[in-house]
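[1] sequence? don't have it. structure:
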């Protein structure tokens, strides 16, 4: 499958899960004796026919190398060093040249499992879309922080204080729909290669002020939001989340 290249964001220190993450990156914390969040994500990609994936990391390369070896006969994993933790947008721009022949990067959070629909992913990729973020309105536990137009353009984001931040090219007095963000998107490799020319290796996220999606929108790339019904969804950010997931996955194994 060459149209999408998965990129699993697995760097960062996972400070909210310390001390568990002092020696083990969050996506590699064991949910049971055989399974981590990264295992879940990779097994889903393998099941859907992906033949390669990128994974960034900021520490414990040795543990990521073990994962790479574990799946080497099923999927080719490219490990990307990210010790400075450049942010989702920053790391994609830093390695944009590696995606030249793929078409779209499929961005996946390494601390989240989302049972995506592959047909929905494919349908979202068309000549009028350069970026697409996949929401699911049925996930009521997720806050609706994305500001979206009636034509499904991403216009900005709610800040931590609850006030709206609109991207610089947003029309005045827009009609807004609030959408959630389960953490999955596709980004055109052409757009990434265009934006990387001015990247200075500083931290760059996806959604905030002057982050990647605002930059791409300002460059006239189409940044869209689409609805997707996820078959499963869970994230791991706190000790309570981790305890719940260990109970949920007790005895469960990957099917890949």
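    Cool, the structure landed. Computed from a predicted model, the values in this text were never measured in an experiment.

[2] Which element, helix or strand, includes residue 43?
    helix 37-47 (DSSP states H and E).

[3] Any idea what residue 8 is bridged to?
    On the basis of DSSP bridges, residue 8 is bridged to residue 55, residue 108.

[4] Does it touch residue 55 like I think?
    Yes - counting by C-beta atoms under 8 Å, residue 8 touches residue 55, with 4.7 Å between them. Where you see a C-beta, it was placed from the backbone N, CA and C, and this is true even at glycine.

[5] Now do the shared contacts for these two.
    Common neighbours of residue 8 and residue 55 (criterion: C-beta atoms under 8 Å, 6 or more residues apart in numbering): 38, 110.

[6] hmm, back to that, got the buried residues for the helix holding residue 43?
    37, 38, 39, 40, 41, 42, 43, 44, 45, 46 (16 or more other C-beta atoms under 10 Å).

[7] contacting residues around it?
    By C-beta under 8 Å, 6+ apart, the list of residues contacting helix 37-47 from outside reads 6, 8, 10, 26-29, 31, 53, 55, 67, 71, 74-75, 77, 108, 110-113, 115-116, 236, 245, 254-256.

[8] Restrict the residues you listed to the buried ones and give me that as a PyMOL selection.
    In PyMOL, this line selects whichever of these come out buried by 16+ other C-beta under 10 Å:
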select buried, resi 6+8+10+26+27+28+29+31+53+55+67+71+75+77+108+110+111+112+113+116+236+245
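
[9] Which stretches in the chain count as helices?
    With helices called from DSSP state H, the chain shows them at 37-47, 61-70, 87-94, 118-124, 189-195, 212-218, 239-248.

[10] Could you tell me how far the helix holding residue 43 lies from the centre of the chain?
    Distance of helix 37-47 from the chain centroid (C-alpha atoms, centre = their mean, to the nearest Å) equals 14 Å.

[11] Stretch 112-126 too?
    In terms of C-alpha atoms, centre = their mean, the centre of stretch 112-126 is found 12 Å from the chain centre.

[12] Enumerate every residue touching residue 91.
    So residue 91 contacts 9, 11, 56, 80, 82 (C-beta under 8 Å, 6+ apart).

[13] What is the most widely separated pair among these?
    For those, the maximum inter-member distance is 10.0 Å, found between 9 and 80 (C-beta to C-beta).

[14] Between those two, which is the more surrounded one?
    Between residue 9 and residue 80, counted using other C-beta atoms under 10 Å, the more crowded position is residue 9 (24 against 19).

[15] Test for you: state the pLDDT assigned to the more buried one.
    pLDDT recorded at residue 9 is 98.

[16] quick one: it and residue 109 touch, right?
    Yes - using C-beta under 8 Å, residue 9 makes contact with residue 109 at a distance of 5.5 Å.

[17] neighbours of the residue lying closest to residue 80 once chain neighbours are set aside, just the number please.
    Closest residue in space to residue 80, ignoring its immediate chain neighbours: residue 56 at 4.3 Å, by C-beta to C-beta, 6 or more residues apart in numbering. Residues near residue 56, counting by other C-beta under 10 Å, number 25.

[18] Cheers, nothing more for now.
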